[in-house]
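Asks: Okay, predicted coordinates and the sequence, questions at the end:
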Amino acid sequence: MTRLLLSIALLLSPMLAMAELRVVIVEGLAGEPTYSEQFDRQVAAIGRAAASVTGDEHIHILRGDDVSREAALQRIATAASGIGANDWFALFLVGHGSYNDYEYKFNIPGPDLTGEDIAAALDELPDSNQLLVNTSSASGAIAELVAADNRIVVLATRSGVERHATRFGNYFAEALSDTSADIDKNNMVSVTEAFGFAQRRVDDYFESNNQLATEHAAMSGTRGERLALARLGGARPAVVDTTLAGLLGDRDALNEEIEALRLSRDDMSATDYQSALLEKMLQLARIEDAIEARQEELDADR
Amino acid sequence: MQIVSRSMLFLAMLALSAAATARGIHYGAVAEPAVVECDQQHWRGRVEESRLCYANLLRAETPASIKAEAAWALNNPKQANEWFRTAMSETPDDHATKVRWGDLFAASHQYGEAMNIYREVLAEEPANAFALLGAATVLVGSFEDAADNYLQPILDGVVPDDGAYLGALLLIARVALENGDYDEAEASLALAEDVLAKHDWPPLELYALRASLDLLNDVADSRWTELSLAYNPYYGNIYATPAHFYVITRRYREAIEMYQKAVEIQPSLAAAHEQLGINLLRENRMSLAREHLERAYELDPFSPRSVNTLRLMDSFGNFRLVDDPPTVDGEVPIILRLHKDESAALAPYAIELTRDSIDVFTERYGFALREPVVIEMYPDHEDFAVRTAGMPGLGILGATFGYVIAMDSPSGRPSHQFQWGTTLWHEMAHVFTLEATDHLVPRWYSEGLSVFEEWRSGPNPGVRIPMSVYNAMKEDLFLPITELDEGFLRPTYENQVIVSYMQAGIVCDYIDREFGDGKLRELLYAYRDGLNTEEAIRSVLGVSPASFDETFAAFVDTEHGPVLAQLDRWHADQVRYNNAISEKDWATAIELAAGLIAILPQYVEPDSPYLAAAMAQRELGDNEAAINMMQTFWRNGGYDPVALRRYAEWLVEAGRSADAIDVLYSINLVDPLDHELHGNLGDLLLAAGRADEALREYEVAISLQPHDMATAWYRLAQAQYELGNVEQSQLNLLQALDVAPNFRPAQRLLLKLASNNNGQNP
């Protein structure tokens, strides 16, 4: 089982820390070469990012002639086969969408994937944590349809009437390899961080071009900060050195303590909190120093 | 006032037309004897008798048109509207009543509806004199020539009606006074007097305009005021009408006094309460302003100016007052009213710039400020417009009312359109020129000095002249010195206001260079002493205005002639150069840009050839040439923030961080709400050992709530550490680590603090 690399907050829960991530990416019809190039780039970026946090065997990309309604629905079902209740299933839809005031469609060759198709496919999966990222135009039309307690939903538009081709997908994909998206500096980009980055970039785009914004991304669901979509710098090599493994374990444990301390902040006086935080942060800093030193030793021995 | 497009005249005139359209004197537009009988009492100031009279008309079995007039007179426009509607359904062909219905709409500030009615009447009866007059009165406020088309048949006698003719004459006199054409005003008033002599109509409006003419001729105690008060002791417009002319000549304090007198004798005069409120705001007297605006709103809830201004005042809760008290004797306090989201970011720069301007202008003009300077910056341009004129749609960047400046905040406009620092400098120059002359400085000279100070002493100095002004120079459109005010007040072609700003600036440059710096100051004091432009030029410069114009033209020819001679080539080459850029023909683009720059080296507007030439040089790998190109652009006053950020990056790449710091500092005067700019500038300052300046930049950055708060806190910690403030540095580090516990640079600095503290926790 490949270990899912989680954000620091996720390390709080050992159960979640051992969770697994399965990813399905569907690239829709582009219509024009410009969009084709953009969608290819986005899919590649999401795929690379996924490879940094989960095993290649758990990443499924459907594009070009491989894409059809049946193939997509089948791949979603098979990719999630045997998934555990604590594991994560992520579906990325990259492409154009349409909405005729009654029905949303994600545009693919042959019959399109409708909003109902997408919701049903996710609803039918075994009990698990889920992420749906739909970067298409008009994707906001399915917000209510796909909402669920165990699901984080990221949509490029806030409603079905935002029908222009979106910019959100480009920026969301960009976030997965951009250090400035990593707000908590843990070298990983969470769903929340990627969403925030993309949202800001979309706002900046319309503002700097003095245009009325034609898209407003939306995110719903909880724990978006707990699911890492990318590890900056690529996948972490397997740790075989016992000293280093011990230090990493110490660091993870300390991070859990820090998170617990942060959650209890409201029950403490400001002075007590700062004092406790200082102590923990110094410990954490020293462990990080030790990790770096050990890694340098190991690198020198190679 | 710094302007981007249209003239202020539009708004000034609209204000007047609004003030003039309450149910005033109708000069025979209403012929019904029962109404006129009540009106006669009203015009004589017999308030209670007239109210009883109108009330009786409403109660009695009278036609709907009479009840409409009575309800209107009793300040019940809604009821009046209903009665007019009834009247028109009963007698649809009664054009006189229909026109009065239009007048009611105009009085209620619903000018579109009023015009519809006038047009309907004129379609059926083209010679309806009062419909023509009503339409002209509405249109004269809209700055359209169309008003003349409606007035002309009345004035030419094609449509003979003494009442409409009198109304037209008074309207013309009013506009002539606004435009400074006192002869025309006098001629119209004389004709109006002749007409009045033949009828039993009240002379009150005539008296008010005569008193205004006296005021504009510096006769403060007008005999017409006495005559008016004798005729009707409660006619507030005898003060409110002249007060309007104080407002448009920027003498707000005097205007306030007059409006106060107006509401004292006629407490029901909504327009006077409104103007009193707006002008009290200009003096920063908030509570009293609100009191009068609320009273105006009670009396006339349809006035957009009262509503807009009250809404704006309600929004002041989102603003923060930043007070910078004097630190040495003789200094005045500076009070900033800034939006709470921007105040921390803007206040340090605004205060520094304002203090610098006060130092420069105090010495230059030999005048020490006597009151606190209040500076308001509005993120929403329409708020600024309402603050300035009571109405949205104003095409200016800043306005000065004496010691109070209102202007767009840097977020109020795209940064490539607006140098807020330069605008503030421009407006501060107005504070001095207005106050040093008791507000007697003419518009052209005040604007000229402000533009000139932008160029020579502003935060981003350099002579910046838009291409439209060069085109105007080529067409010989500059005005004689004694007529230059006209270019601001009564523009006759598009862009004339901008052309007039630039001409006024060049005139000041000319006086400074040819007659000596002291003459600019002497001219200012000549205006304070009451001289007009002709007298001031003769007295201070010792030449006649005609001679001045002649030598000024020669100066312009010497300074700008070579450019003007090549202007056609400049335009043609610019097209070729843009084509070369779009075809990525960098070598040709550079060559053409060099030619353009040789013709007009000071041209640093957004389409300046410096910018694309520098990019082309970068494309060809000639980084040094690109840097040199941008350096010239920047030193000539170029301010495009995107281009300057890029230039700063190139400088850092080239190891010239000190130069990059100067460039980034200059961007603060254009685009100060960019947290990345402050962060990057702070980093360079910190690396250069200027931790105190870095700290200020980092504090501003964090006030702008960047998304990366961990880095923002860490930067603050670094600056505090360098300044020796260990405790504060530790606190900021913990704030950074609280957001991002694994943030390595912050962890390292924390450990450094700990080790500096002998291994103990810091």
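Replies: Perfect, I can see it now.
Asks: how about the nearest residue to B:Met709, chain neighbours excluded?
Replies: The spatially closest residue to B:Met709, leaving aside those adjacent along the chain, is B:Val739, at 5.1 Å (CB to CB, 6 or more residues apart in numbering or on different chains). All C-beta spots, glycine's among them, are computed from the backbone N, C-alpha and C.
Asks: Return the residues in contact with the residue in the stretch 101-250 of chain A positioned nearest to chain B.
Replies: Here the stretch 101-250 of chain A gets closest to chain B at one residue, A:Lys185, 3.7 Å apart by CB to the nearest CB. With contacts defined as CB atoms under 8 Å, 6 or more residues apart in numbering or on different chains, A:Lys185 is in contact with B:Ala710, B:Ala740, B:Asn742, B:Phe743, B:Arg744, B:Ala746.
Asks: correct me, but the last one touches B:Met709?
Replies: No - under the criterion of CB atoms under 8 Å, B:Ala746 lies out of contact with B:Met709, with a separation of 11.6 Å.
Asks: quick one, which of those two is more surrounded?
Replies: B:Ala746 (28 against 17; other CB atoms under 10 Å in any protein chain shown).
Asks: Where does the more buried one fall, secondary structure wise?
Replies: helix B:744-756 (DSSP states H and E).
Asks: what about A:Gly249, how many residues close to it?
Replies: A:Gly249: 12 neighbours (other CB under 10 Å).
Asks: CA atoms only for stretch B:399-412, dumped as CSV, please.
Replies: The C-alpha atoms that make up stretch B:399-412 are tabulated as CSV, following Å, rounded to 0.1, in the frame of the first residue of the first chain:
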residue,chain,number,x,y,z
ALA,B,399,-10.3,68.1,-5.6
THR,B,400,-9.2,70.7,-3.1
PHE,B,401,-11.6,72.8,-1.1
GLY,B,402,-9.1,74.8,0.9
TYR,B,403,-7.6,72.8,3.7
VAL,B,404,-9.6,69.7,2.7
ILE,B,405,-8.5,67.5,-0.1
ALA,B,406,-10.6,64.7,-1.5
MET,B,407,-9.1,62.3,-4.1
ASP,B,408,-9.3,58.8,-5.5
SER,B,409,-7.4,56.2,-3.5
PRO,B,410,-4.8,54.2,-5.4
SER,B,411,-7.3,51.4,-5.6
GLY,B,412,-9.9,53.7,-7.1
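Asks: Surely B:Ile335 is within a helix?
Replies: No - read with DSSP: H, G, I helix; E, B strand; the rest coil, B:Ile335 is strand and lies in no helix.
Asks: Quick check: phi and psi at the nearest residue to it once chain neighbours are set aside.
Replies: With CB to CB, 6+ apart as the criterion, B:Ile335 has its nearest non-adjacent residue at 4.8 Å, and that residue is B:Val374. Here is the backbone geometry of B:Val374 (degrees, to the nearest 10): phi -110, psi 120.
Asks: Enumerate the beta-bridge partners assigned to B:Val374.
Replies: Following DSSP bridges, B:Val374 is listed with bridge partners B:Ile335, B:Val404.
Asks: Surely it touches B:Thr400?
Replies: No - if you go by CB under 8 Å, B:Val374 and B:Thr400 don't touch, sitting 10.4 Å apart.
Asks: ok, those two, which is more surrounded?
Replies: B:Thr400 (28 against 21).
Asks: Please state the backbone phi and psi of the more buried one?
Replies: Per degrees, to the nearest 10, the backbone of B:Thr400 is at phi -120, psi 130.
Asks: From the chain's centroid, how far away is stretch A:96-116?
Replies: 23 Å (CA atoms, centre = their mean, to the nearest Å).
Asks: Also stretch B:192-200?
Replies: For stretch B:192-200, the distance to the chain centre is 40 Å (CA atoms, centre = their mean).
Asks: Name the residues of that stretch that are buried.
Replies: Neighbour-count burial for stretch B:192-200, counted by 16 or more other CB atoms under 10 Å in any protein chain shown, picks out B:Ala192, B:Val195, B:Leu196.
Asks: gap between the second one and chain A?
Replies: If I follow you right, that is B:Val195. B:Val195 is 54 Å from chain A, where distance means CB to the nearest CB, to the nearest Å.
Asks: B:Glu535 and B:Ala526 touch, don't they?
Replies: Yes - with contact defined as CB under 8 Å, B:Glu535 counts as touching B:Ala526 (7.3 Å).
Asks: more neighbours, the two?
Replies: The residue with more neighbours, out of B:Glu535 and B:Ala526, is B:Ala526; 24 against 14, by other CB under 10 Å.
Asks: so where does that one fall, helix or strand?
Replies: Short version, using DSSP H and E: B:Ala526 is in helix B:517-528.
Asks: Would you mind listing the buried residues in the helix or strand just after that helix?
Replies: Helices and strands here follow DSSP H and E; after helix B:517-528, the next one along the chain is helix B:533-536. Counting neighbours by 16+ other CB under 10 Å, one finds that the buried residues in helix B:533-536 are B:Thr533, B:Ala536.
Asks: avg pLDDT for helix B:533-536?
Replies: Taken as a whole, helix B:533-536 has an average pLDDT of 95.
Asks: what's in contact with it?
Replies: B:Pro442, B:Trp444, B:Tyr445, B:Ile481, B:Thr482, B:Leu484, B:Asp485, B:Leu523, B:Ala526, B:Tyr527, B:Pro545.
Asks: buried stuff in the next helix-or-strand element following that helix?
Replies: Counting by DSSP H and E, the next helix or strand C-terminal to helix B:533-536 is helix B:545-565. Neighbour-count burial for helix B:545-565, counted by 16+ other CB under 10 Å, picks out B:Pro545, B:Phe548, B:Asp549, B:Phe552, B:Phe555, B:Val556, B:Glu559, B:His560, B:Val563, B:Leu564.
Asks: Find residues that contact each of B:Ala746 and B:Met709.
Replies: In contact with both B:Ala746 and B:Met709: B:Ala736, using CB under 8 Å, 6+ apart.
Asks: circling back to that earlier point, mind listing what's buried along the helix holding B:Ala526?
Replies: Buried residues in helix B:517-528 (16+ other CB under 10 Å): B:Lys519, B:Leu520, B:Arg521, B:Glu522, B:Leu523, B:Leu524, B:Tyr525, B:Ala526, B:Tyr527, B:Arg528.
Asks: just stretch A:278-289 next, same as before
Replies: A:Leu278, A:Lys280, A:Met281, A:Leu282, A:Leu284, A:Ala285, A:Arg286, A:Ile287, A:Glu288.
Asks: If you average pLDDT per helix and strand, which one of chain B comes out bottom?
Replies: Every helix and strand of chain B was ranked by mean pLDDT, DSSP states H and E. The lowest is helix B:9-19, at a mean of 33.
Asks: Then chain A?
Replies: Per-SSE averages on chain A (mean pLDDT, DSSP H and E): minimum helix A:14-17, a mean of 35.
Asks: where do the strands sit along the stretch 1-150 of chain B?
Replies: B:2-3 (DSSP state E, counting those that start in this stretch).
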